[in-house]
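**Student:** could you work out the structure for the sequence below:
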Amino acid sequence: MGNDVDRAGTPSPLQLAKRALPDLNGAMLRVAEQILANPDDVARGSITKLAEAAQTSAATVTRLSTHLGFAGYPALRAALAMEVGRGLEAGWASDIGLAIGPADPPEQVLNVLASTQANALRNALASIDLNAATRVADAIAGARRTHIYGEWGDAIPARELYIRLLRIGIPVWFFDGPQSAQIAGGLLGPGDVALVVTRSGTDSTTLDFVRRSSAQGALSVAITGVVSSPVGELADVTFDTGTPVGGTWTEFFAGRASDTLTAGLLFVLVAQRVPDHLTANHPNGPGQPVVHPDT
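**Tutor:** Numbers count the residues shown, from 1 in each chain. Next up is the predicted model:
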């Protein structure tokens, strides 16, 4: 199709900037000229850097971006990255997301990550069903076996809950693979608990684990950000963490706070039901496992 049009048939950002030159003046013209003169640098740089090079403000850069038909500067920068053949911004945007740029300073990265997690925690506070939490805590405290499953990123809060429950003497096992999950689901029975952490609620292995566990008579529990997902609808008890699965790492990381909060709530509620198991006065500290001396 030629160099002026990308594979999807959309004019390239450089071609759009060239076409817009006759209608631009002042600061917006200087920004466009900077883009045309240094597309590689612009594709790798921040909005602040481009604004400084054009001797204008970041707001002017944003106005030019929208004038050229982009949602904002991050979208323009991503298109430029593809244009110069690097693919840096496109890959970054699809993985990390647009809330953080590759050239953002550490303090901005920290602020964005902290802000997204704070929002996730507020959503969790408004979404977690405390009656359901009480029911699940009762079940785990009295269960013969509790099997916890979490895959990949979901394994982080799942394993944390497993470690904490194990430390206070709860008969609990953790699984994170298809074969072990298949076996684990078949080992449960009435009075047992099967708990999964799944942000999306669509993983086929997680769904099979919940289905097998329920068929064996165990109480199935799902911690998820999408209660209407297949796993969310199948589980006996579903915790809505308030943060759905995101399309980028930044969004997924934000929701990790709500997943961990839900798991932490369950641990403390279970601990309240077995206070004699706690090790706060253990000579080696509360991080050590419960040790029952021979009698």
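
**Student:** of all residues in the protein, which one is nearest the centre?
**Tutor:** In the chain, the C-alpha closest to the average C-alpha coordinate belongs to Phe252, at a distance of 1.2 Å (C-alpha atoms, centre = their mean).

**Student:** not counting sequence-adjacent ones, nearest residue to that residue?
**Tutor:** In space, and not counting its chain neighbours, Phe252 is closest to Gly246: 5.1 Å by C-beta to C-beta, 6 or more residues apart in numbering. Bear in mind the C-beta positions are built from the backbone N, C-alpha and C, glycine included.

**Student:** go on, Arg145?
**Tutor:** Going by C-beta to C-beta, 6+ apart, Arg145 has Asp192 as its nearest residue, at 4.7 Å.

**Student:** what's near enough to touch that neighbour?
**Tutor:** Asp192 is in contact with 143-147, 213, 216-219, counting by C-beta atoms under 8 Å, 6 or more residues apart in numbering.

**Student:** same question, Trp92
**Tutor:** Contact analysis of Trp92 by C-beta under 8 Å, 6+ apart lists 78, 101-102.

**Student:** how about those in JSON lines, adding distance to Ser258?
**Tutor:** Conversion of these to JSON lines gives the following (distance: C-beta to C-beta, whole Å):
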{"residue": "Ala78", "distance to Ser258": "28"}
{"residue": "Gly101", "distance to Ser258": "25"}
{"residue": "Pro102", "distance to Ser258": "27"}
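
**Student:** how many neighbouring residues does Gly247 have?
**Tutor:** Counted with other C-beta atoms under 10 Å, residues neighbouring Gly247 total 11.

**Student:** gap between Ala103 and Ala71?
**Tutor:** When C-beta to C-beta, to the nearest Å is the yardstick, Ala103 and Ala71 sit 19 Å from each other.

**Student:** looking at it, Ala141 is touching Gly169, isn't it?
**Tutor:** No: distance between Ala141 and Gly169: 10.4 Å, which falls outside the contact criterion (C-beta atoms under 8 Å).

**Student:** shared neighbours, the two?
**Tutor:** Val274.

**Student:** ok, those two, which is more surrounded?
**Tutor:** Just comparing Ala141 and Gly169: by other C-beta under 10 Å the higher neighbour count belongs to Ala141, 19 against 16.

**Student:** can you pull out the helices in the stretch 151-295 of the chain?
**Tutor:** Along the stretch 151-295 of the chain, the segments classed as helices by DSSP state H, counting those that start in this stretch run 155-167, 178-187, 204-215, 230-234, 249-273.

**Student:** list the buried residues for the longest one?
**Tutor:** Along helix 249-273, the positions that meet the burial threshold by neighbour count (16 or more other C-beta atoms under 10 Å) are 250-263, 265-267, 269-271.
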